[in-house]
Structures are given as structure tokens and as C-alpha cells.
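J.: Predicted model and sequence below, questions to follow.
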Amino acid sequence: ETGVTQSPTHLIKTRGQQVTLRCSSQSGHNTVSWYQQALGQGPQFIFQYYREEENGRGNFPPRFSGLQFPNYSSELNVNALELDDSALYLCASSQDSGSDEQYFGPGTRLTVT
Amino acid sequence: KQEVTQIPAALSVPEGENLVLNCSFTDSAIYNLQWFRQDPGKGLTSLLLIQSSQREQTSGRLNASLDKSSGRSTLYIAASQPGDSATYLCAAPNQAGTALIFGKGTTLSVSS
């Protein structure tokens, strides 16, 4: 158990809809990172938040956005869902930096139909 | 730009064999490298974190080595068991240190 939780476990949405995924980091971890993992691929970095500010972003369009809250929870929001957004979404927390050991949650499986 | 490659993509071995999984990375200026295990449809479990100042790290039957100069890391699994069947991913930080860059993984199947 890493102490990182995610909700919901599974989600089915229709193309064009919006979705919010949630993550609860380990207590004391100031950094949260979100990753997208398509079937058969390694996780791809979406963005990172450090103390509630975006601290880095991967090659994802602006319709992917996030928030981090002072209580170690965070959200990933995706607008205008596309079929290719179907994937496992993982959040990871680390103490202060993305270079620190990262602890991953169980993921949210998003299916877009 | 950091790129991570893992070979082989898949590996099948009988129970009891020792095996080596390979990971290579292009940017050797890394702080550390992590190895993860992923069961089908599940999240990632951290197996070993090797700091750049270390050459290897051990946990039980697992041993990971890091050679920054050649841009390579290996994960050695001793006396494999059916319960070791999973996908193994290695990941190195990007240049900014804000993200982990993952390989595509090696899917291991250990038969009894």
C-alpha cells in the first residue's frame, strides 16, 4: 500500500463530455504528478503540481487541466473527451520533487465511447 | 530529451530460472532510476530506486544495477516464481526533474 488513492476506479464517458478524476496523495507529499497509460504502452507524463502550482507539463493539449489542494488531494480534468483519451490514468506523489521516489495510486480506467 | 527503451518486450521462463531485464536511457545526467512492477489493469508498484551515486540496489530476490556512463540499468530476478509474472517498467527523470520517462515495459511470464 502506497497511501495514494484514486477515484473512481472505472469510468465510462461519451465523446465530447467532461470528466474529473481525483487523487489523494500521501500525507506530507508536496508534489503530485499525473500520467496517462494507453494499453500496451508505458505511462506518459501529463503534468505535475508542487504546492498547488503547475510545475511542469508534458505534451498534452490545454483541455487537460489540473488542480492541487492544500489537503494533499488533487484533480485531473479533461474537457471535450475524445476516443483516444481512453486509458488508465495514474497519479503519483513524491515528497518535494519529481526526482524523488514517486508512489503511484491504483489508477482510474477511463473508457470514452 | 530523455528516452527510455526496454528489451525484451516479452519474456517467458520456467519457474526457478534467474533472469535479467534490460533498460537503456539516452540522457545520463539523471538523479536516479526507478523500477516498477505492474499487474494487468493495476497501478505501479515501486520495486527499487537507485540513486545516481549508487551502482546497485537489492531487495529480496531483486537486484538492480545502474551504469550511467553507458546509459544502462538491469533488473536481475533470482529464482523466478509464477507470482513474478507481471510487466516490469523502468523510468528515469526528464532533464527538468519534473517527470518520469518510462519505457514500454517487459512483460514477464513465469510458468510452473
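T.: Arrived safely.
J.: Show the contacting residues for the residue positioned nearest the centre of chain A.
T.: Closest residue to the average C-alpha location of chain A: A:W34 at 3.2 Å, with CA atoms, centre = their mean. Residues counted as contacts of A:W34 (CB atoms under 8 Å, 6 or more residues apart in numbering or on different chains) are A:23, A:45-48, A:66, A:74, A:76, A:89-92. Heads up, the C-betas are built off the backbone N, CA and C, glycines and all.
J.: Near chain B, list only the ones from these.
T.: A:45, A:48, A:90, A:92 (CB under 8 Å from any CB of the partner chain).
J.: Give me the phi and psi for the third one.
T.: Note on A:L90: its backbone torsions stand at phi -120, psi 140 [degrees, to the nearest 10].
J.: count of neighbours near it?
T.: A:L90 sits with 28 neighbouring residues when counted by other CB atoms under 10 Å in any protein chain shown.
J.: beta partners for it?
T.: In this structure, A:L90 bridges to A:Y35 when assessed by DSSP bridges.
J.: just for chain A, where's the confidence low?
T.: Across chain A, residues meeting the criterion (pLDDT under 70) sit at A:1-2, A:97-99.
J.: what does it put close to chain B?
T.: Remark: the part of chain A in contact with chain B comprises A:2, A:6, A:33, A:35, A:40-45, A:48, A:55-56, A:58, A:88, A:90, A:92, A:97-99, A:101-107, A:109, using CB under 8 Å from any CB.
J.: Just the buried residues of those.
T.: The neighbour count (16 or more other CB atoms under 10 Å in any protein chain shown) marks A:2, A:6, A:33, A:35, A:42-45, A:48, A:55-56, A:58, A:88, A:90, A:92, A:97-99, A:102-107, A:109 as buried among these.
J.: can you pull up the bridge partners for B:T74?
T.: Those that pair with B:T74 in a beta bridge, by DSSP bridges, are B:N22, B:S65.
J.: can you give me the strands for the chain?
T.: You didn't pick a chain, so chain A it is. In chain order, chain A shows strands spanning A:5-7, A:10-13, A:19-24, A:31-37, A:44-50, A:53-57, A:64-68, A:73-78, A:87-94, A:103-104, A:108-112, with DSSP state E as the criterion.
J.: meant chain B actually
T.: All strands of chain B, identified by DSSP E, fall at B:4-7, B:10-14, B:19-25, B:32-38, B:44-51, B:56-59, B:62-67, B:72-77, B:86-93, B:100-102, B:106-111.
J.: Let me have those in TSV, adding distance to A:L81 as columns.
T.: Formatted as TSV, the entries for those read as follows, by distance: least, CB to CB, whole Å:
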stretch	distance to A:L81
strand B:4-7	29
strand B:10-14	32
strand B:19-25	33
strand B:32-38	24
strand B:44-51	24
strand B:56-59	40
strand B:62-67	38
strand B:72-77	36
strand B:86-93	26
strand B:100-102	24
strand B:106-111	29
